[in-house]
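Colleague: mind looking at a prediction? Sequence and model below.
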Amino acid sequence: MGSDKHAARLLNNLKMERVRTILTHTYPYPHEHSRHAMIAVISGCLFFISSDNMHTLIEKLDNNFKWWSMYACLLGFFYFFSSPFIGKTIRPSYSTFSWWYIAWILVAALYHLPSFQSMGLDLRMNLSLFLTIYISSVVFLFVFHIIFLGLWYIGLISRAAGRRPEILTILQNCTVLSIACCIFYSHCGNRAILRQTPRERSHLSWYSLWKGGGNSTWLAKFTHIDDLKDQVCSSWFAPVGSASDYPLLSKWVIYGELACNGSCTDSSDEISPIYSLWATFIGLYIANYVVERSTGWALAHPVSVDNYEKLRKQQMKPNFLEMVPWYSGTSADLFKTVFDLLVSVTVFLGRFDMRMMQAAMTKNCDEDENTELLYDHFTDKNDFWFDFMADTGDGGNPSYSVAKLLAQPSIKVPLGDDDFISLQRGNVLLIGGDLAYPNPSAFTYEKRLFRPFEYALQPPHWYKSDSIAVDKPELPDGVPDLRHYDGPQCFLIPGNHDWFDGLNTFMRYICHKSWLGGWFMPQKKSYFALQLPKGWWAFGLDLALHGDIDVYQFNFFSKLVKEKVGENDAVIVITHEPNWLLDWYWKDDSGKNMRHLICDFLKERCKLRMAGDLHHYMRHSCTQSDGPAHVQHLIVNGSGGAFLHPTHVFSGFSKFYDASYETKSAYPSFHDSSRIALGNILKFRKKNWQFDFIGGIIYFLLVFSLFPQCKLGHILRGDSFSGHLGSFFGTVWIAFVYITEQSYVSFTGVLMLLIIAIMFVPSKLSRKKRLVIGILHVAAHLMAALILMLLLELGIEICIQHQLLATSGYHTLYQWYKSVEDEHFPDPTGLRVRMEQLTFGLYPACIKYLMSAFDIPEVMAVTRTNICREGMESFSRSGAAIYYASVFLYFWVFSTPIVSLVFGSYLYICINWLHIHFDEAFSSLRIANYKSFTRLHIKPDGDLEVFTLGVDKVPKEWKLDKDWDSEPKPTEKMSHHRRFPSKWCATALHQDPINTVKIVDRFVIHRSEKETGGS
């Protein structure tokens, strides 16, 4: 009995559920990370190549200037194409695809150039051997995985092996294995090393490398790289033995090449070192995979429960979404956004309005209507704080940074001179629209809006995220009404992005749910009125996509002003769009109903207007007015999480409602805003690499009809650089004339691009200016596309003239490999013939056509030569398709960096010189920094103190907050009572928003005094 009790206590102490979690965790298995192996293989390759051939490379540099220039162009284009993906994780994505794509077509181009051969390095054998080993490895491992999964399915292997391997993992491992074998062959060959006696082998020991004359230095000994290589080849990677040692496998192995002087009387019986290396790698992979999947990796690395929990928490990170890629050519969300916008504008705008349905659903009784739209439970507060933010729900990092600051019980902000001020958390959070980007949906609201706020301030433990609030407000147990609820509350108005689906998602997630994280949401409609302490009011207006309030809102707010708002009260009007700035910018006059409400009903009682939509902070204060100043202060603060907008574009604003205004604060400053715009030239493609899909296709269509250029000899025959250059640009002009006079496809592409470019220019400019800007924009793109086309054709023409391409048909690489294979890879047992018979001819056919598909330059050159000789009419559609596909593979790489450079330069010129495209030029940069919100304080004397708090740089890396994790979490305690309410803190604590927040703007509004500015 005693032993049983002891065993029971032991099992309880072990916490078996956690032990099972450790043994069957879902982290990737170690063998699936082949990136480090790839780095090691490539580094070793570069070391051996550089040590043997660097001196030859330098000696022949002067004699091969033309080829090195071509190398520089190729590597330059390929670098700029791949630069956005440097440092990214290897995973199934466009980034990974681009890396493999670049490696493929770059190597296929480089091995045709002569400089590698002049260095003594013939890449043809390495490439052909790589493809052969790669195909064999992929087939072998696929068969192994199928057998392994079959054994798991019938129950012969433990359940831990049930996780299927990723296809990309198998391909990566096969790539590393093939590269390793090719590197070995490059330096050691396929020589059969004859067996030696122990005495003979001792003379090849490592000691012999360093043994030499007394006058030899250590460095001189180290430079004997050939001896080192021979020692590595003979000692490290020597064959495992002769085929006679393995009689069962003697007919299924590859033999080594016998190294001897003169003619060799006998064939080699030694197993090929290449085959030995390949079999070793395959065996290690299989053994490693079987052990890991059968027993669980953690069995070999046991850890205690406490240590495991600590390690798990250290590795925990929030799963935030990145900033929305507005220029992505592959984003389904963006296409859905465009579709929803078109439907909303063309179908519903002016025909159906959700605000009308809300009014119809509101009860007829005035008292009941006020209950659903007017909230007066804050009037008894003596010291009242509330916050305003807008335009959140873009990137997870900036959204959480702002939400974390909003959630803190208080924020200690520096005032200067070692002085600080403590700002209390707002009793109410007002959000001014655009809750999630790019379109309203369940996914964007849950991942981009609710997730950051729930991390910042957790909802009650009993709250279910999928529940629907039937009878709002649904207060926590023990709270009789809203006046007795002491937690933070939240009221929201929709923005234009929330209206893209007719306000459906906003109604589901805001009006029919009770919690946004730890903020309680009592509102039932998309607009509201809050009666605040000391005679202050907050009106939240819903402008929909019309830019104005509807008649039902006007009726409600006008009655409220007449019946409830006192003569000495002060009103804060909150809208999504800052129509004072946008009307000035677009030279428009919107919001007439809203103007009527403010000027004729509120009169001078509107002390402050706040809005979002523009993702920056700006404050304008009234300085002079011929009549009454209808609005004292105008604030735009849409920096709640979305990408940054410029401020310098709006520096000229000064008039609104017949009153003069002055810019009191801008964040970022006008100078910083103008400087940030330079990023369009330098960083457009890095930030918007998904634009490749559109840009590359557009450039290819512009020059589609110009391929191939068969008469380029006059450019190469020039005697001077100026002569070459003149002939080059003369050919560019001829190509342009050909497009305008004879081409159909390219001319159609140019015409369509011109129409799009003219329509892309903002309508605030005159038609003449829009036409000029559009023509110049398209001319820059067309010139760049023509130059790139001609450079590609010149490169092919030079290689053809020097007999580097188009020498022996489409299967040049395979034919050369077959001639070398028989010489260096003897097959006395007829293994290759048996493989061909067993696979019904697929074995050689697959390798043959794979090599042809790999050798894109050869396919392109051979087809080009045939077209120039016989004409395009002699080609079938499939032949023409193969040619244009091979051209596109290279032209796409050349064009994508250039189209991004040209388009980014266009945006920079427009935003800084013409002050247009403020949305397009900054959405491309996807800047997460310069985030802010406004905290307002109604003091006991009735004055309103306004603080705008900003964070210059938003953290990108987060970790679990130790203070949050260690604080007790009783279930009956609401999260707003906690001292540390937010789950994550910045990995570098000095970059955490709590430590970097600062006061961007501060002023005071007096409630009863009629003033012309804030103090």
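Modeller: Everything's here; your move.
Colleague: got the contact list for the residue nearest the centre of the chain?
Modeller: Centroid-nearest residue in the chain: Glu322, 6.6 Å away (criterion: C-alpha atoms, centre = their mean). Contacts for Glu322 (C-beta atoms under 8 Å, 6 or more residues apart in numbering) come out as Gly395, Gly396. Yep, even glycine has a C-beta here, placed from its N, CA and C like the rest.
Colleague: report the beta-bridge partners for Gly416.
Modeller: Asp419 (DSSP bridges).
Colleague: look up how far Phe1003 lies from it.
Modeller: 16 Å (C-beta to C-beta, to the nearest Å).
Colleague: between these two, who's got more neighbours?
Modeller: Phe1003 (18 against 8; other C-beta atoms under 10 Å).
Colleague: now do the SS call for the more buried one.
Modeller: strand (DSSP: H, G, I helix; E, B strand; the rest coil).
Colleague: now Gln531: closest residue in space that isn't a chain neighbour?
Modeller: Asp376 (3.9 Å; C-beta to C-beta, 6 or more residues apart in numbering).
Colleague: before we move on, what about Leu788?
Modeller: The nearest residue in space to Leu788 (C-beta to C-beta, 6+ apart) is Phe894, at 4.9 Å.
Colleague: one more: Asp626?
Modeller: Asp658 (6.2 Å).
Colleague: next: Glu797.
Modeller: Leu712 (4.9 Å).
Colleague: which parts of the stretch 401-550 of the chain are strands?
Modeller: 410-416, 419-424, 428-431, 489-492, 515-516, 519-520, 528-531, 536-540 (DSSP state E, counting those that start in this stretch).
Colleague: and for the residue lying closest to Thr132 once chain neighbours are set aside, the neighbour number?
Modeller: Leaving out its chain neighbours, the residue that sits closest to Thr132 by C-beta to C-beta, 6+ apart is Ile847, at 5.6 Å. Applying other C-beta under 10 Å, we find 19 residues neighbouring Ile847.
Colleague: isn't Ile847 up against Ile135?
Modeller: Yes. If you go by C-beta atoms under 8 Å, Ile847 and Ile135 touch, sitting 6.0 Å apart.
Colleague: can you show me the CA trace of the host helix or strand of Arg619 as CSV?
Modeller: In the assignment (DSSP states H and E), Arg619 maps to strand 617-625. The C-alpha coordinates for strand 617-625 follow below in CSV (Å, rounded to 0.1, in the frame of the first residue of the first chain):
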residue,chain,number,x,y,z
TYR,A,617,-1.9,64.1,-36.0
MET,A,618,-2.6,67.7,-36.7
ARG,A,619,-4.3,70.5,-34.7
HIS,A,620,-5.6,73.8,-36.1
SER,A,621,-6.9,76.5,-33.7
CYS,A,622,-9.1,79.4,-34.6
THR,A,623,-7.1,82.7,-34.7
GLN,A,624,-9.5,85.1,-36.3
SER,A,625,-13.1,85.2,-37.4
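Colleague: after it, next one along is what?
Modeller: strand 631-637.
Colleague: quick one, helices of the stretch 351-500 of the chain?
Modeller: Using DSSP state H, counting those that start in this stretch, the helices of the stretch 351-500 of the chain run over 354-361, 366-373, 396-407, 442-444, 451-456.
Colleague: residues near the closest residue to Gly679 other than its chain neighbours, how many?
Modeller: Of all residues not flanking Gly679 in the chain, Leu925 sits nearest, at 5.0 Å (C-beta to C-beta, 6+ apart). Look at Leu925: counted by other C-beta under 10 Å, it has 24 neighbours.
Colleague: quick one, phi psi at Asp434?
Modeller: For Asp434, the backbone dihedrals (degrees, to the nearest 10) come out as phi 50, psi 70.
Colleague: pretty sure it is touching Trp499, no?
Modeller: No. If you go by C-beta under 8 Å, Asp434 and Trp499 don't touch, sitting 9.8 Å apart.
Colleague: Leu908 reaches Ile681, doesn't it?
Modeller: If you look again at residue 908, you'll see it is Tyr, not Leu. Yes. Using C-beta under 8 Å, Tyr908 is in contact with Ile681, at 5.2 Å.
Colleague: that older thread, wait, a helix at the residue nearest to Leu788?
Modeller: Yes. Under three-state DSSP, Phe894 sits within a helix.
Colleague: report pLDDT for it.
Modeller: On the pLDDT scale, Phe894 is placed at 87.
Colleague: repeat for Asp230
Modeller: Asp230 is given a pLDDT of 64.
Colleague: likewise Trp984?
Modeller: 94.
Colleague: same thing with the one 3 residues further on?
Modeller: Looking at Thr987, its pLDDT is 91.
Colleague: who touches it in this structure?
Modeller: Per C-beta under 8 Å, 6+ apart, neighbours of Thr987: Pro955, Glu957, Trp958, Lys959.
Colleague: looking at these, which is nearest Asp486?
Modeller: Trp958 (29.3 Å; C-beta to C-beta).
Colleague: the residue nearest to that closest one when sequence neighbours are not counted and Val954, how far apart?
Modeller: Closest residue to Trp958 apart from its sequence neighbours, by C-beta to C-beta, 6+ apart: Trp984 at 4.2 Å. Separation of Trp984 from Val954 (C-beta to C-beta): 13 Å.
Colleague: again, but for Ser178
Modeller: For Ser178 relative to Val954 (C-beta to C-beta), the value is 43 Å.
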